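Enquirer: with the sequence up front, the predicted model follows.
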Amino acid sequence: MNTKKLKRGLLKIGTFIILCFVAPVIVYQAFKNQEHPFFWPVLTLGISLCISAIIYGFWAIKILINALLGDKKTKTF
(Lines give C-alpha, C1' and ligand atoms only; values in the text may rest on other atoms or scores of the structure.)
Protein backbone atom coordinates (compact mmCIF):
# COMPACT_ATOMS: atom_id res chain seq x y z
CA MET A 1 0.00 0.00 0.00
CA ASN A 2 1.35 3.37 -1.04
CA THR A 3 0.49 5.88 1.72
CA LYS A 4 1.48 8.92 -0.35
CA LYS A 5 -1.00 7.98 -3.07
CA LEU A 6 -3.60 7.08 -0.45
CA LYS A 7 -3.41 10.56 1.10
CA ARG A 8 -3.64 12.14 -2.35
CA GLY A 9 -6.66 9.97 -3.18
CA LEU A 10 -8.42 10.87 0.06
CA LEU A 11 -7.81 14.55 -0.63
CA LYS A 12 -9.38 14.11 -4.08
CA ILE A 13 -12.35 12.31 -2.50
CA GLY A 14 -12.79 15.26 -0.12
CA THR A 15 -12.79 17.67 -3.04
CA PHE A 16 -15.27 15.44 -4.85
CA ILE A 17 -17.67 15.42 -1.88
CA ILE A 18 -17.49 19.20 -1.51
CA LEU A 19 -18.18 19.67 -5.23
CA CYS A 20 -21.09 17.22 -5.05
CA PHE A 21 -22.82 19.50 -2.55
CA VAL A 22 -21.82 22.91 -3.90
CA ALA A 23 -22.46 22.40 -7.63
CA PRO A 24 -26.19 21.50 -7.43
CA VAL A 25 -26.81 24.40 -5.04
CA ILE A 26 -25.27 26.83 -7.54
CA VAL A 27 -27.33 25.38 -10.41
CA TYR A 28 -30.50 25.58 -8.30
CA GLN A 29 -29.81 29.20 -7.37
CA ALA A 30 -29.23 30.04 -11.03
CA PHE A 31 -32.58 28.57 -12.06
CA LYS A 32 -34.32 30.27 -9.15
CA ASN A 33 -33.12 33.69 -10.38
CA GLN A 34 -33.66 33.41 -14.12
CA GLU A 35 -34.50 37.08 -14.56
CA HIS A 36 -31.23 38.21 -12.97
CA PRO A 37 -28.51 39.49 -15.36
CA PHE A 38 -25.96 37.02 -13.95
CA PHE A 39 -28.13 34.00 -14.75
CA TRP A 40 -25.97 32.64 -17.56
CA PRO A 41 -22.57 33.06 -15.84
CA VAL A 42 -23.84 31.43 -12.64
CA LEU A 43 -25.47 28.58 -14.56
CA THR A 44 -22.27 28.04 -16.56
CA LEU A 45 -20.26 27.97 -13.33
CA GLY A 46 -22.65 25.45 -11.77
CA ILE A 47 -22.61 23.13 -14.76
CA SER A 48 -18.82 23.26 -15.01
CA LEU A 49 -18.58 22.43 -11.29
CA CYS A 50 -20.93 19.46 -11.83
CA ILE A 51 -18.74 18.17 -14.65
CA SER A 52 -15.59 18.66 -12.59
CA ALA A 53 -17.21 16.79 -9.67
CA ILE A 54 -17.77 13.78 -11.91
CA ILE A 55 -14.20 13.93 -13.21
CA TYR A 56 -12.78 14.28 -9.67
CA GLY A 57 -14.85 11.29 -8.56
CA PHE A 58 -13.47 8.97 -11.21
CA TRP A 59 -9.96 10.34 -10.75
CA ALA A 60 -10.09 9.86 -6.97
CA ILE A 61 -11.32 6.27 -7.27
CA LYS A 62 -8.53 5.49 -9.75
CA ILE A 63 -5.89 6.93 -7.39
CA LEU A 64 -7.32 5.03 -4.40
CA ILE A 65 -7.41 1.73 -6.29
CA ASN A 66 -3.81 2.21 -7.41
CA ALA A 67 -2.77 3.11 -3.86
CA LEU A 68 -4.43 0.07 -2.31
CA LEU A 69 -3.73 -2.57 -4.95
CA GLY A 70 -0.61 -1.23 -6.63
CA ASP A 71 0.00 0.00 -10.13
CA LYS A 72 -0.93 -2.19 -13.06
CA LYS A 73 2.09 -4.05 -14.37
CA THR A 74 2.23 -4.46 -18.12
CA LYS A 75 4.25 -6.91 -20.11
CA THR A 76 6.32 -5.63 -22.96
CA PHE A 77 7.17 -7.99 -25.76
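Expert: Looks like it came in fine. Residues are numbered from 1 along each chain as shown.
Enquirer: how about low-confidence regions in the chain?
Expert: Across the chain, the ranges flagged by pLDDT under 70 are 77.
Enquirer: now whatever helix or strand L11 lives in: how far from the chain's centre is it?
Expert: For L11, the element it lies in under DSSP states H and E is helix 3-32. Centroid displacement of helix 3-32 relative to its chain, using Cα atoms, centre = their mean, to the nearest Å, is 5 Å.
Enquirer: following it, which helix or strand comes up?
Expert: That would be, after helix 3-32 and using DSSP H and E, helix 39-69.
Enquirer: tell me what that following helix is packed against?
Expert: helix 3-32 (3 or more Cβ pairs under 8 Å, 6 or more residues apart in numbering; DSSP states H and E). Placement of C-beta: from N, CA and C, glycine included.
Enquirer: any buried residues in the helix holding L11, and which?
Expert: 5, 8-9, 12-13, 15-16, 19, 23, 26-27, 30 (16 or more other Cβ atoms under 10 Å).
Enquirer: name the helices or strands packed onto that helix?
Expert: Helix 3-32 packs on helix 39-69, going by 3+ Cβ pairs under 8 Å, 6+ apart.
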